[in-house]
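*Asks:* Give me coordinates for this.
(chains A, B, C, D, E, F, G and H)
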Protein chains: 8
Amino acid sequence: MKKSHKVFATVATAALLLTAGVGAAAMATPAPAPAAGSASASASDIQPGAGTVVAQNRITVGASADAVRAALAKCQADNLPFVTVALVDRFGTVQALLRGDNAAEHTIEAAKQKAYTAAAFGAPTSELAKRITGNGPGIHDLPGTLFLPGGVPLKVDGVSVAGIGVGGAPDGKLDEACAAAGAAAVTGAEG
Amino acid sequence: MKKSHKVFATVATAALLLTAGVGAAAMATPAPAPAAGSASASASDIQPGAGTVVAQNRITVGASADAVRAALAKCQADNLPFVTVALVDRFGTVQALLRGDNAAEHTIEAAKQKAYTAAAFGAPTSELAKRITGNGPGIHDLPGTLFLPGGVPLKVDGVSVAGIGVGGAPDGKLDEACAAAGAAAVTGAEG
Amino acid sequence: MKKSHKVFATVATAALLLTAGVGAAAMATPAPAPAAGSASASASDIQPGAGTVVAQNRITVGASADAVRAALAKCQADNLPFVTVALVDRFGTVQALLRGDNAAEHTIEAAKQKAYTAAAFGAPTSELAKRITGNGPGIHDLPGTLFLPGGVPLKVDGVSVAGIGVGGAPDGKLDEACAAAGAAAVTGAEG
Amino acid sequence: MKKSHKVFATVATAALLLTAGVGAAAMATPAPAPAAGSASASASDIQPGAGTVVAQNRITVGASADAVRAALAKCQADNLPFVTVALVDRFGTVQALLRGDNAAEHTIEAAKQKAYTAAAFGAPTSELAKRITGNGPGIHDLPGTLFLPGGVPLKVDGVSVAGIGVGGAPDGKLDEACAAAGAAAVTGAEG
Amino acid sequence: MKKSHKVFATVATAALLLTAGVGAAAMATPAPAPAAGSASASASDIQPGAGTVVAQNRITVGASADAVRAALAKCQADNLPFVTVALVDRFGTVQALLRGDNAAEHTIEAAKQKAYTAAAFGAPTSELAKRITGNGPGIHDLPGTLFLPGGVPLKVDGVSVAGIGVGGAPDGKLDEACAAAGAAAVTGAEG
Amino acid sequence: MKKSHKVFATVATAALLLTAGVGAAAMATPAPAPAAGSASASASDIQPGAGTVVAQNRITVGASADAVRAALAKCQADNLPFVTVALVDRFGTVQALLRGDNAAEHTIEAAKQKAYTAAAFGAPTSELAKRITGNGPGIHDLPGTLFLPGGVPLKVDGVSVAGIGVGGAPDGKLDEACAAAGAAAVTGAEG
Amino acid sequence: MKKSHKVFATVATAALLLTAGVGAAAMATPAPAPAAGSASASASDIQPGAGTVVAQNRITVGASADAVRAALAKCQADNLPFVTVALVDRFGTVQALLRGDNAAEHTIEAAKQKAYTAAAFGAPTSELAKRITGNGPGIHDLPGTLFLPGGVPLKVDGVSVAGIGVGGAPDGKLDEACAAAGAAAVTGAEG
Amino acid sequence: MKKSHKVFATVATAALLLTAGVGAAAMATPAPAPAAGSASASASDIQPGAGTVVAQNRITVGASADAVRAALAKCQADNLPFVTVALVDRFGTVQALLRGDNAAEHTIEAAKQKAYTAAAFGAPTSELAKRITGNGPGIHDLPGTLFLPGGVPLKVDGVSVAGIGVGGAPDGKLDEACAAAGAAAVTGAEG
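*Replies:* I've put the predicted structure just below:
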């Protein structure tokens, strides 16, 4: 698989939609040869490179497991063992989750929603919460979101690809400190 | 972004989980330099390459739009305009959807579920349905699946990354013919 | 109302999707003048006629009310007052509903689902139930459907546009007799 | 299609409900002859014209597909490719949907709800949001609605029949500009 | 059925719970003889009267049908045909529902929720909405309720047993006028 | 609107059903005077007796509490303490529930559904389960029902008004023995 | 089973997570001998004591039944028989529930949510409600919670293990008085 | 906290429910003194020991994390990295979850349901699946359960307290081998 085509592909796609149809464009871009030795590739496979395929970075399950473990350890060290930690992707789908001993039920959903909110908006939920002012409708009305401190995004090349969220501490800032510790375990920050 | 690291990363991750912790391994693998000129990358970004990031191929929205349009066109040509066509990814999240004129309500969910089932199991739902025999529990009990003909997978390098599903024709085989036409619009198969 | 125009519109739409884009076609077909005296029509309204609008027949609320009332009356006359009667459209959305005295809770959903199934497949549910044979996956797996007797479709010009369903009688055939009476009140059949 | 008949039909229905029963009225109004050559029409069909049937205008699937494609193209051109665009009818049922590359999960539901809100209330959601003032209960409490900018209605003869909604841009006004572009592709406005 | 026993039963029950067990009390109160000729009564039936049974008044389906029809007729006469009218009981279960032509989807749930809110709190929702002041938590947070004008309770002997709700008018007060007309059709008020 | 017509309509409706039920009885039984000192009765109340009100027998909360307690005690005596017992009415709404120590989660919903099924069909679920034969669609497809042994109906004057259900025992017959003990505590049967 | 190990176990677990793996630690701590005469213990059972098992206190079903009965009795004595009382654990799972005669539907969910909120936050909901100020996002946005008076926590050794909630009184303070009476029946407080 | 009282408490509770009220029994059993130094215990706390409190063993979060990690590692070693592993308690609430790279969406729910089914019934799901024979209603109809191989229970002193489930392998037996490996990491079995 020739990955360098992927970056181009993303740009090509944007342009593609502005043109009439995929047919001509696909013809103009020679399809790359399938990877040699790819046992399961078949003639009906989609040829990456012609604007039809885009590669999306994701956090591996190994790193996800490390992140939630580190976040929980931070909370335990802070004497807050009764939290839940979740790491979710841009689609809101959970990748890793740990519920601390005696964590209440709602902490599961709270952790997921904080994680998702950070992943979707690319900023810590403590920052995002500040954007909500006044009484009227706002982004906090968006389905599946929770604008309480405790969620931090995980980015690759500046693009938010996931989020880690913590729920259950008496103060959201304490939740977010744990989430940040989980993120640091993956990014290698503050090391 | 150096994509060639991604393939290695996947293998590294699998091995990583079998070892004790990510810390040492991450240290052993020099983090790649961030892409030059990446305006939004920051120090806290995850460094791709150290087993923490994996790239997943996805169908672009442009190709998705073409696929559902082609599938519906096939059904219209077959005098079956009252179907719904959906393209969903491995997470069951819809990427493109078209509901034909006068298509009944359930065709929307049916199309999504057929598409998802094909995406998740990597085979046309007509094939998958044959695997279900007897009366007892079986894979048709799995949540979010529908083992009726009408769904076909979309693969890249032999890996199923999405599915396209059609619902509403009087016979599932007719649905699947439209789904296959949608897939062909992306893969360039059959002509 | 001139129905023959409707059929044409549908055909025009089908053809439209097979061509490249709506722009050219829309240009080729002169937009009809807006109805004189239409106070709320504005320049940004969609011009019917250019393949962008299709008229769909629906049962009026008046006829819907009459239908469910007639169906319930039939059940009451048959000494089956504890049923629920529902009339739903092709989108599964209820138009009229009456729950008989002492009808159990599930009769509400059962009536709606029978009505929807008949509306979606264009046949009485007693007929549809016969199509299900064997143990494997089948149309009864489709979401929102219920293949038990008690639902009958309502058609206009041979097109199924709604369904009426009854639930709660000890035998589904008794339910369906009431549903048929409800349909007859609208179609003017048998009388 | 002769729209003036439609208006009459609606009025007739309203009057009908104020009278005692459909029977007499149906008798008084001669049922129109079925369309010649209508193969599937049967004696039990509902006769349109007698206050029992009303025609409702809908956006065709072809126009719906064009609208969401145009809306997404506008967002891509505005460097906002990570949005979802949805077109839904008055029943909240989706007719067409495109999810841009890397659009977050909630944008799907947000797009649908904005589209529905505009369709149901017949105005852009940016306008509707202004109607909400104070802290008390208000129309934003209505189920299935979302009063954030990004939705515009689609009207035929001044009647709102559908809506197009966009979600995912950092500012709702940017979403709405894309939605408006989608609407313009159907109405031919600002052309 | 002897109604006078029912009123006593309710009082007896309240007292009963404050005592130790049902056994003794049941023995002390002679069970009434079963209704003569009650074909299906058996030895294992519960004997009404001994604090174990309470009679609850409900609106008949006939009256429910009349109420929603009258409410819709009022809205039609007021040139508001696009509303939904629902009558629900104290358990939130719908008894009768009519959706006006072209009523948007959310009007169904809005009508039910307004009806339920009025039934549960025993006052018109326009009155109830006034009780909500300030920004904090309040009764509008209660699940299944909607504190917008348009719902009126139906009472028997001063006890709220059901509610009728209307949704879809541009102003909730207009909705509530229709709901009141529906209630008047049952109570015979404003004669 | 002439209200006197409405009253007539109401009576007509009652008669329509009819014959069997509240209409004639209501005529024969003079409506009781409102309770003296009933502060909340008002002129707008519905007058019971004119076919608009029907009284439905219900199990009191005191008897409900006794029933679930007796059922659980039986299971505890049988060395089956890990069950859940629920009593629900004809609307599927729970009136009393006890979850035994260490009862698994699904026993809650199982107990409710068994109770409802017995209440709705007026027979023990062990009897009802026998009615299901063959592979095709059947009453077990009805929403909210569960045709496993463990539910028994509670009847007044031969009419099923509620059900008591038990879930969690290794054999459904053991569940049903407990449910029967709960019913006996209310009916005074066997003893 | 040697319970004294449990207290240690909880502390050990917290520490454990901060270390690399369970393997070494488990080896270092000799597993306690299984309880003599434990008929069902097998070789594959988890050995309590090695940081893998934690004991959590719960309210017994007997005490739960007494609590809800006492709470309802208080409400009945206060002339508020139309409430629902629920006792739920830290996981939001109901342990006991009684719905008073004529209690409206929403009181069931309201009672559960108040009970859960008190259980999760370890304080009466009347206290918790005071913590919510201003208009922005807050803890009242957490899923499954309800910050209205009427819920009180149940604690063992200072740890909140459950909650009891009441819904349906015209004033939340009245609800909470009943809930407190239910709690007192278990704690033996006030006398 | 004196844990030895807990065992007695469980027995006492069972007996308690068979007697009339908790009051007398509670008086008869002297409440144990609160643990010395318990800072947060208050006068209103429940006194453990008097039949009101029962201790339930649970898997710690540390052990839960180890279990899911071990299960995933086994699947990765078996070349099945695309699975999800979940550990849930008797209440179906997740304690730990890891979703492997490229695991399809339904594997999350499948893993949870298999884990729950094993936890609730105290046996591997491969064993439980064998108990289902014939076509009629059966335990597979119980809500929240999934009788496909891949789940194993976790027991303490012979009591099932949790379950670990795996979903996504092409054959359920492969899933279950991973689940067993996860269980072994906690029980220390086989090795």
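*Asks:* Residue numbers of chain A in contact with chain D?
*Replies:* Proximity of chain A to chain D, by C-beta under 8 Å from any C-beta of the partner chain, involves residues A:10, A:13-14, A:17-18, A:54, A:56, A:90-93, A:116, A:119-121, A:135-139, A:141-145, A:159. C-beta: built from backbone N, CA, C; applies to glycine.
*Asks:* Also near chain E: which of those residues, exactly?
*Replies:* residue A:135.
*Asks:* Now restrict the residues of chain A next to chain D to buried residues only.
*Replies:* Among the residues of chain A next to chain D, those classed as buried by 16 or more other C-beta atoms under 10 Å in any protein chain shown are A:10, A:13-14, A:17, A:54, A:56, A:90-93, A:116, A:119-121, A:136-139, A:141-142, A:144-145, A:159.
*Asks:* who's whatever residue of chain A ends up closest to chain H bridged to?
*Replies:* Relative to chain H, the nearest point of chain A is residue A:97 (4.3 Å; C-beta to the nearest C-beta). With DSSP bridges as the criterion, residue A:97 is bridged to residue A:86, residue H:97.
*Asks:* Now for it: which residues touch it?
*Replies:* Residue A:97 sits next to A:68, A:84-87, A:108, A:111-112, H:94, H:96-97 when contact means C-beta atoms under 8 Å, 6 or more residues apart in numbering or on different chains.
*Asks:* who's the residue positioned nearest the centre of chain A bridged to?
*Replies:* What sits nearest the mean C-alpha location of chain A, by C-alpha atoms, centre = their mean, is residue A:162, with 1.3 Å. Assessed by DSSP bridges, residue A:162 has beta-bridge partners residue A:89, residue A:154.
*Asks:* does it really touch residue A:88, like I thought?
*Replies:* Yes. Residue A:162 lies in contact with residue A:88 (C-beta atoms under 8 Å); the separation is 6.6 Å.
*Asks:* Please enumerate the shared neighbours of those two.
*Replies:* Contact with both residue A:162 and residue A:88 is made by residues A:95, A:115, A:119, according to C-beta under 8 Å, 6+ apart.
*Asks:* which ones among these are found in strands?
*Replies:* Residues of the shared contacts of residue A:162 and residue A:88 located in strands (DSSP state E): residue A:95.
*Asks:* for stretch A:100-118, which positions count as buried?
*Replies:* A:100-118.
*Asks:* Residue numbers of chain A in contact with chain H?
*Replies:* Proximity of chain A to chain H, by C-beta under 8 Å from any C-beta, involves residues A:58, A:60-61, A:64-65, A:69, A:72, A:81, A:93-101, A:105, A:108.
*Asks:* from the middle of its chain, how far away would stretch A:65-74 be?
*Replies:* 16 Å (C-alpha atoms, centre = their mean, to the nearest Å).
*Asks:* same question, stretch A:51-61
*Replies:* Worked out by C-alpha atoms, centre = their mean, stretch A:51-61 lies 12 Å from the chain centre.
*Asks:* Check stretch A:59-73 too.
*Replies:* The chain centre lies 13 Å from the centre of stretch A:59-73; the measure is C-alpha atoms, centre = their mean.
*Asks:* Strands of chain A, start to end?
*Replies:* Under DSSP E, chain A gives strands at A:53-59, A:84-89, A:94-99, A:151-156, A:159-167.
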